[in-house]
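Student: I would like to see how this sequence folds:
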Amino acid sequence: MKGNLSKCIIVFLILITAYSVLALHCFHCASNVLSSPCETDVKELKEGVFSDYAKNCSDYNIANPVCAIEIHKEKDAGAAQRIFRTCSNGKDFTFDMQLPHFKKFSQLNAKSNVTICTHYQHLICVSICDKDMCNGPLGAIVDFNRTSSCGKVAFTTMPLIIGTGITLANMNP
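Tutor: Reported below is the predicted structural model:
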């Protein structure tokens, strides 16, 4: 029993380190086919930071990273022709921002998470946001009470645990 508890504590500490509040986490996937998993695999996307698509933006050396989603659709297509979910600088996309049709994308604001679209050969929509996993479907924001092999790991208590550790560390001479 003690061995399992020790393993769970180690896993918990690793998770605290790996999913630091200092780093932005975004979904990262791309596809050029209709109805790709990057667009339709809601079950995987709902895994949030535990998803196979989750990436830590600090891995990309981007100053002031944001999460982005770029969707390209043909006029009558129900599904995306191309989709890109990624960490971004919020200024560079798969198209040339200098073309007149794309100038409006310079108004994207990560705080508002508003989607801007334009027609240029086909419909192109882009949104950027600055919260963890915000470039996924609604509800993909992490369920931090996820059940693991160690039982419920209440990530919502991390600030309390970390704060207590800091307080205890400061009390020792």
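Student: got the contact list for the closest residue in space to L34 that isn't next to it in sequence?
Tutor: Leaving aside its sequence neighbours, L34 sits nearest to A79 (C-beta to C-beta, 6 or more residues apart in numbering; 4.6 Å). C-betas here are computed from N, CA, C, even on glycine. Neighbour list for A79: 34-35, 39-40, 73 [criterion: C-beta atoms under 8 Å, 6 or more residues apart in numbering].
Student: got phi/psi on A79?
Tutor: Backbone torsions for A79, taken as degrees, to the nearest 10, come to phi -100, psi 160.
Student: any chance of the contacts of A79 in CSV, plus pLDDT and neighbour count?
Tutor: Output for the contacts of A79, formatted as CSV (pLDDT from 0 to 100; neighbours: other C-beta atoms under 10 Å):
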residue, pLDDT, neighbour count
L34, 86, 16
S35, 87, 14
E39, 89, 20
T40, 91, 16
K73, 90, 18
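Student: which members of the residues you listed occur in strands, if any?
Tutor: K73 (DSSP state E).
Student: what's the nearest residue to N32 once chain neighbours are set aside sitting at in phi/psi?
Tutor: Excluding the flanking residues, the one nearest N32 by C-beta to C-beta, 6+ apart is R82, at 5.1 Å. Torsion angles at R82 (phi, psi; degrees, to the nearest 10) stand at phi -140, psi 140.
Student: likewise C117?
Tutor: Dihedral angles (degrees, to the nearest 10) for C117: phi -130, psi 160.
Student: also the one 5 residues further on?
Tutor: Main-chain dihedrals, H122, degrees, to the nearest 10: phi -160, psi 180.
Student: can you confirm A23 is in a helix?
Tutor: No. Using DSSP: H, G, I helix; E, B strand; the rest coil, the assignment for A23 is coil, not a helix.
Student: my guess is it contacts S58. True?
Tutor: Yes. Here A23 lies in contact with S58, judged by C-beta atoms under 8 Å, at a distance of 4.5 Å.
Student: turn the contacts of A79 into JSON lines, including distance to L99.
Tutor: JSON lines is the format used below for the contacts of A79 (distance: C-beta to C-beta, whole Å):
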{"residue": "L34", "distance to L99": "25"}
{"residue": "S35", "distance to L99": "28"}
{"residue": "E39", "distance to L99": "25"}
{"residue": "T40", "distance to L99": "30"}
{"residue": "K73", "distance to L99": "18"}
